[in-house]
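Participant: no FASTA, just this:
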């Protein structure tokens, strides 16, 4: 599969809300409701996949709610709770930067040339983005451009960081 054709995660399907098949959505998009702008969408859980059609959505103070086509009961939602919500990489707009998914698998080296391993994934820790690097040991590095992250080179598949190897 070409890199642009791979499916990337935009968030997760949460628990049921009410008795008519509404569910909570945990979006990794910014703003959160931008998740609903992408098409096509699918759910993926434990090797199963399901095309995802959003009939309605609501932004509430506690988060996003969605009514998914074909989910008419809490049990239908529960069968897919925790599923990744994905879209093809080619559906994401191009820009000058990169998406978290573009950084996964890149080699991470510090200013002294020490190889820390590869980016496993990134997550939002509330106060900022954290990059999980898997090598001889797992490292959690703050993804702060120009302070910790010095350079991202997608062509070379490498991220240079200013980080002590003993930390």
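Facilitator: That came through, no problem. If you're wondering where the values come from, they're calculated on a predicted model, not measured in any experiment.

Participant: skipping adjacent residues, who's closest to the residue in the chain sticking out farthest from the centre in space?
Facilitator: Here the chain reaches farthest from its C-alpha mean at residue 112, the gap being 30.1 Å by C-alpha atoms, centre = their mean. Excluding the flanking residues, the one nearest residue 112 by C-beta to C-beta, 6 or more residues apart in numbering is residue 165, at 6.7 Å. C-beta: built from backbone N, CA, C; applies to glycine.

Participant: wait, that neighbour touches residue 109, no?
Facilitator: No - with contact defined as C-beta atoms under 8 Å, residue 165 does not count as touching residue 109 (9.9 Å).

Participant: quickly list what's touching both of these two.
Facilitator: Residues touching both residue 165 and residue 109 (C-beta atoms under 8 Å, 6 or more residues apart in numbering) are residue 116.

Participant: which of those two has more residues huddled nearby?
Facilitator: residue 109 (18 against 13; other C-beta atoms under 10 Å).

Participant: what's next to the helix or strand of the chain with the lowest mean pLDDT, contact-wise?
Facilitator: Lowest mean confidence among the helices and strands of the chain (mean pLDDT, DSSP states H and E): helix 100-103, at a mean of 89. Residues outside helix 100-103 that contact it (C-beta under 8 Å, 6+ apart): 8-9, 28, 89, 119, 121-122, 129, 131, 152, 154, 159.

Participant: from residue 67, how far out is residue 78?
Facilitator: 15 Å (C-beta to C-beta, to the nearest Å).

Participant: try residue 111
Facilitator: Applying C-beta to C-beta, the value for residue 111 to residue 67 is 50 Å.

Participant: and the two? Which one has more around it.
Facilitator: Of the pair residue 111 and residue 67, residue 67 is the one with more neighbours under other C-beta under 10 Å, namely 19 against 12.

Participant: direction included, what does the host helix or strand of the more buried one pair against?
Facilitator: According to DSSP states H and E, residue 67 maps onto strand 63-68. The strands beside strand 63-68 in its sheet (DSSP bridges) come out as strand 22-27 (antiparallel), strand 54-60 (antiparallel).
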